[in-house]
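Undergrad: generate a structure from the sequence data that follows.
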Amino acid sequence: MDDPLHVVAAVIPSPEGDAVLLARRLACRHLGGLWEFPGGKVEPGETPRAALVRELCEELGIEVHAATPFLELVHSYPERRVRLDVWTVTAFTGTPSGREGQAIRWVTWAELPALPLPAANRPVVERLLALAPSFRGGKDDR
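TA: A predicted model of the protein is given here:
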């Protein structure tokens, strides 16, 4: 089987720590209509952190100031394998918006398990829910 597609994703907690930012995949894309952690593909020669910063600027219009690795996993879908490199973004500037036409929303920890998500995101949700009480982050008003 081919090497997995390397993608980055961001866990962006609200400043209050009671919610996380999700984006809805466009209907025309793979797994369209599902909610996911924002991010995208790592380009050849790009580090995962650089890809995260670039993707969040392109997709959400925010500038990342602080991010730490959260979880890495490989998931096999019938049509492709993905290597998901998940980061926690703890400081950013800008107001997130769906710059590529995607819906975005802050989702509370209680709402998270019921949302339709890609299968690769389920282990991320499980770990988040276990750690949810300790999450704080979000906008940096520098």
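Undergrad: span of stretch 68-84 from start to end?
TA: Stretch 68-84 has its terminal residues 14 Å apart, counting by Cα to Cα, to the nearest Å.
Undergrad: other residues contacting stretch 11-24?
TA: Stretch 11-24 has contacts (Cβ atoms under 8 Å, 6 or more residues apart in numbering) with 10, 33-38, 59-60, 70, 86-90, 92, 96, 98, 102-109, 112, 115, 124, 128, 134-139. Yep, even glycine has a C-beta here, placed from its N, CA and C like the rest.
Undergrad: buried residues in that stretch?
TA: Val11, Ile12, Pro13, Ser14, Ala19, Val20, Leu21, Leu22, Ala23, Arg24 (16 or more other Cβ atoms under 10 Å).
Undergrad: next: stretch 96-114.
TA: Neighbour-count burial for stretch 96-114 [16+ other Cβ under 10 Å]: Pro96, Gly98, Gln102, Ile104, Trp106, Val107, Trp109, Leu112.
Undergrad: so which elements touch the biggest helix by length in the chain?
TA: For the chain, the helix with the greatest residue count under DSSP state H is helix 48-60. Counting contacts by 3 or more Cβ pairs under 8 Å, 6 or more residues apart in numbering; DSSP states H and E, helix 48-60 packs against strand 5-11, strand 19-24, strand 39-41, strand 63-76, strand 81-93.
Undergrad: looking at those strands, which is nearest to Leu52?
TA: Ranking the helices and strands packed on helix 48-60 by proximity to Leu52 (Cβ to Cβ) places strand 5-11 first, at 4.5 Å.
Undergrad: next, the angle strand 63-76 makes with that closest one.
TA: Going by axes from the mean of the first three to the mean of the last three Cα atoms, to 10 degrees, strand 5-11 is angled at 130 degrees with respect to strand 63-76.
Undergrad: and strand 5-11, how far from the chain's centre?
TA: Mean-position distance between strand 5-11 and its chain equals 7 Å (Cα atoms, centre = their mean, to the nearest Å).
Undergrad: re earlier: nearest to Pro48 among the buried residues of stretch 11-24?
TA: Distance to Pro48, by Cβ to Cβ, is smallest for Val11 among those, at 13.8 Å.
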